[in-house]
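Visitor: okay, here's the prediction I keep looking at, along with the sequence it came from:
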Amino acid sequence: MSITRRQFGLSVGSTVLAPSAVAAANPESSSIAWNEPAVVRKVYLATTRVTWPRPDLDVSQEHAEMEARLAEVAQRNARWVRFTGGEVLRVGDNVPAWAAQMGDADAVLVIDLTSGLYPLMPELRKVETPMLLFARPYSGWAYADFAAWRAAGKRVELTSSSDFGDLDYYMPLFRSIRHLRKSKVLVVDQGDQGELARAFTRRFGTEIQALSYSELKAAFNAADPAAARREAESFTRGALKVVEPSRAEIEDSLRFYLAVRSLLQREKANAMTIDCLGGFRRGDLPAYPCVAWSKLNDEGLYGVCEADLLSTMTQLLVTSFCGKPGFVSDPVFDVSRNEVIHAHCVAATCLEGIGGATSPYIIRSHMEDNKGVSMQVLVPASGRVTVAKFAGPEKMLVSTGEACGNVEERRGCRTKLRTRVADARKLFENYSAPLHRVIFFGDYVDRIARLGRLLGYETIAEI
């Protein structure tokens, strides 16, 4: 039986997306919720009769000292979080009233001041907002409860340290929770992805909305040809060279970029994924989106090919805390060299950091039909990379490798990155659909796993 790359890539089940209309807004505005710092609610726990850490502990003074130290944490991490609250809960009856005032908090930072917190724990466990326990040496034993809750699948994480700087590690992860809660993804696909979309929405709060090919075409037709021409001239000047595409094809690609930008603005969305292969083949798309996706990803927005909602959500999760675009790839294995080559016709040019250095690129046609416009990006050829992919909202696949060079080869997609891995044969023999993986420059496996404990997905090492 023959199977297309798209069919293999979408082998996770799905149904209909519910469209919604939203008023226009600038998707890059700092007032957009997905671009805001996380709201983290602080809460302190203390018994009414203190024995540990010492019977003469002044809880009020301890609380004041902790508030001062956490104010320093908040100041260092203002781009990631905004702290609220700071109440001290001392009996179980305090918890429901406190929880009822959670508001728009994305997470809770719990600090235990004493032992003897057992009366508080049953009610605290009922709180559904993700929680991080920050325990200091000689504070209390709340970590035993949190460890048990985590083992049972509750969305909690815990750390114990005398260094308040260790909290800094978690601040970008809190922001990721908000980013997912407040993001909006537009999906253009003739297929049926509603079940998968609803599952992501239930788990992370992300709004996922269907968009039609006719709306894309209307936005393309409305885009200013003169503005597209100027964008095309700038894009061409920045390239090392142009190989296959005509000037008209390049202008259409940049006009498509302007069209997508207008739709994101209209819908207050920050991400879009399209069944580009089927859409272009059927004539539903006036241009391939490869250039548009590269530019959006460079800007801190999200453009993902092949209506791949799993890869889109992976990028939303990881880019939000690491500040680096993802590179969605079709992995190619060479077990003789213990390598995986990651290939695709879409790549951002600032894979080492949004707003940072950009990689050189060559303007090419789309490889699979030699039509339209794509990019061969000469991506960074060294450094650790993280390979990640949601296999549904409950499971994240991860592995790592070392970037070791670009590949110049007529076979395969335009951009090709060679990576050396721990065991290419094991990864190959145990590979699971869907096909795509998303590459991020840097090692983020631990952060992905800790965020998984806060968000309720399982992190699975592929090798």
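Guide: That came through fine.

Visitor: residues near the residue lying closest to Asp56 once chain neighbours are set aside, how many?
Guide: Nearest non-adjacent residue to Asp56, counting by CB to CB, 6 or more residues apart in numbering: Val50, 8.0 Å away. To be clear about C-beta, it is placed using only N, CA and C from the backbone, and glycine gets the same treatment. Residues near Val50, counting by other CB atoms under 10 Å, number 19.

Visitor: you'd agree Val50 is up against Gly116?
Guide: Yes: using CB atoms under 8 Å, Val50 is in contact with Gly116, at 7.4 Å.

Visitor: what kind of secondary structure is the residue nearest to Asp56 in?
Guide: Three-state assignment for Val50 (DSSP: H, G, I helix; E, B strand; the rest coil): coil.

Visitor: so how far is Gly92 from it?
Guide: Separation of Val50 from Gly92 (CB to CB, to the nearest Å) stands at 17 Å.

Visitor: still on that earlier bit, residues in contact with the residue nearest to Asp56?
Guide: By CB atoms under 8 Å, 6 or more residues apart in numbering, the residues touching Val50 are 56-57, 59, 114, 116.

Visitor: any idea of the pLDDT on it?
Guide: Model confidence at Val50, given as pLDDT, is 97.

Visitor: what does Ile463 give?
Guide: On the pLDDT scale, Ile463 is placed at 89.

Visitor: can you map out the strands along the stretch 51-200 of the chain?
Guide: 81-89, 107-112, 131-135, 156-160, 184-188 (DSSP state E, counting those that start in this stretch).

Visitor: and those strands as JSON lines, adding mean neighbour count and distance to Asp252?
Guide: Output for the strands of the stretch 51-200 of the chain, formatted as JSON lines (neighbours: other CB atoms under 10 Å; distance: least, CB to CB, whole Å):
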{"stretch": "strand 81-89", "mean neighbour count": "18", "distance to Asp252": "43"}
{"stretch": "strand 107-112", "mean neighbour count": "24", "distance to Asp252": "44"}
{"stretch": "strand 131-135", "mean neighbour count": "22", "distance to Asp252": "48"}
{"stretch": "strand 156-160", "mean neighbour count": "19", "distance to Asp252": "47"}
{"stretch": "strand 184-188", "mean neighbour count": "24", "distance to Asp252": "17"}
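
Visitor: JSON lines for those strands, including distance to Phe333 and mean pLDDT?
Guide: Shown next, in JSON lines, are the strands of the stretch 51-200 of the chain (distance: least, CB to CB, whole Å; pLDDT from 0 to 100):
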{"stretch": "strand 81-89", "distance to Phe333": "41", "mean pLDDT": "98"}
{"stretch": "strand 107-112", "distance to Phe333": "39", "mean pLDDT": "98"}
{"stretch": "strand 131-135", "distance to Phe333": "39", "mean pLDDT": "98"}
{"stretch": "strand 156-160", "distance to Phe333": "35", "mean pLDDT": "97"}
{"stretch": "strand 184-188", "distance to Phe333": "30", "mean pLDDT": "97"}
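
Visitor: turn the ones you listed into CSV, including distance to Val291.
Guide: CSV is the format used below for these (distance: least, CB to CB, whole Å):
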stretch, distance to Val291
strand 81-89, 35
strand 107-112, 37
strand 131-135, 41
strand 156-160, 40
strand 184-188, 17
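
Visitor: looks like Arg425 contacts Ser336 (just checking).
Guide: No: shown here, Arg425 and Ser336 do not form a contact pair, counting by CB under 8 Å, at 9.6 Å.

Visitor: quick one: which of those two has more around it?
Guide: The residue with more neighbours, out of Arg425 and Ser336, is Arg425; 13 against 8, by other CB under 10 Å.

Visitor: wait, what's in contact with that one?
Guide: If a contact means CB under 8 Å, 6+ apart, then Arg425 has 335, 338 as its contacts.

Visitor: that one: helix or strand, and which one exactly?
Guide: According to DSSP states H and E, Arg425 maps onto helix 424-429.

Visitor: buried residues in that helix?
Guide: Neighbour-count burial for helix 424-429 flags 424, 427 (criterion: 16 or more other CB atoms under 10 Å).

Visitor: could you number the chain from 57 rather than 1 from now on?
Guide: That works, and once the first residue is 57, the last one we named lands at helix 480-485.

Visitor: CA atoms only for that helix - export them in CSV, please.
Guide: Provided in CSV are the C-alpha atoms of helix 480-485 (Å, rounded to 0.1, in the frame of the first residue of the first chain):
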residue,chain,number,x,y,z
ALA,A,480,20.5,6.1,15.3
ARG,A,481,19.6,2.5,14.8
LYS,A,482,17.5,2.3,18.0
LEU,A,483,15.7,5.5,17.1
PHE,A,484,15.1,4.2,13.5
GLU,A,485,13.8,0.8,14.6
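
Visitor: ok, then the element right after that helix?
Guide: Counting by DSSP H and E, the element after helix 480-485 in chain order, helix or strand, is strand 493-497.

Visitor: and the longest helix seen in the chain, which residues are buried?
Guide: Assignment by DSSP state H gives helix 303-323 as the longest helix of the chain. Buried residues in helix 303-323, counted by 16+ other CB under 10 Å: 305-320, 322-323.

Visitor: the inter-axis angle of that helix versus strand 240-244?
Guide: If you take axes from the mean of the first three to the mean of the last three CA atoms, to 10 degrees, helix 303-323 sits at 130 degrees to strand 240-244.

Visitor: report all helices and strands that helix 303-323 contacts.
Guide: strand 240-244, helix 269-278, helix 281-293, strand 327-330, helix 346-354, strand 427-433 (3 or more CB pairs under 8 Å, 6 or more residues apart in numbering; DSSP states H and E).

Visitor: out of those, which comes closest to Phe256?
Guide: Each of those has some distance to Phe256 by CB to CB; the shortest is strand 240-244, at 8.5 Å.

Visitor: hang on, Leu407 in a helix?
Guide: No: counting by three-state DSSP, Leu407 is not found in a helix; it is coil.

Visitor: so the closest residue to it other than its chain neighbours bridges to which residues?
Guide: Nearest non-adjacent residue to Leu407, counting by CB to CB, 6+ apart: Phe497, 5.2 Å away. Using DSSP bridges, the bridge partners assigned to Phe497 are Val441.

Visitor: and the longest strand along the chain, average pLDDT?
Guide: Assignment by DSSP state E gives strand 451-462 as the longest strand of the chain. Mean pLDDT, computed over strand 451-462, is 98.

Visitor: tell me the strands beside that strand, with direction?
Guide: In its sheet, and by DSSP bridges, strand 451-462 pairs with strand 439-446 (antiparallel), strand 471-476 (antiparallel), strand 514-517 (parallel).

Visitor: and the ones you listed: which comes nearest Arg254?
Guide: Going by CB to CB, the one of those nearest Arg254 is strand 439-446, 14.6 Å.

Visitor: the closest one versus strand 493-497: what angle between them?
Guide: Angle, strand 439-446 to strand 493-497, by the same axes, to 10 degrees: 150 degrees.

Visitor: so how far is strand 439-446 off the chain centroid?
Guide: Counting by CA atoms, centre = their mean, to the nearest Å, strand 439-446 is centred 12 Å from the centre of its parent chain.
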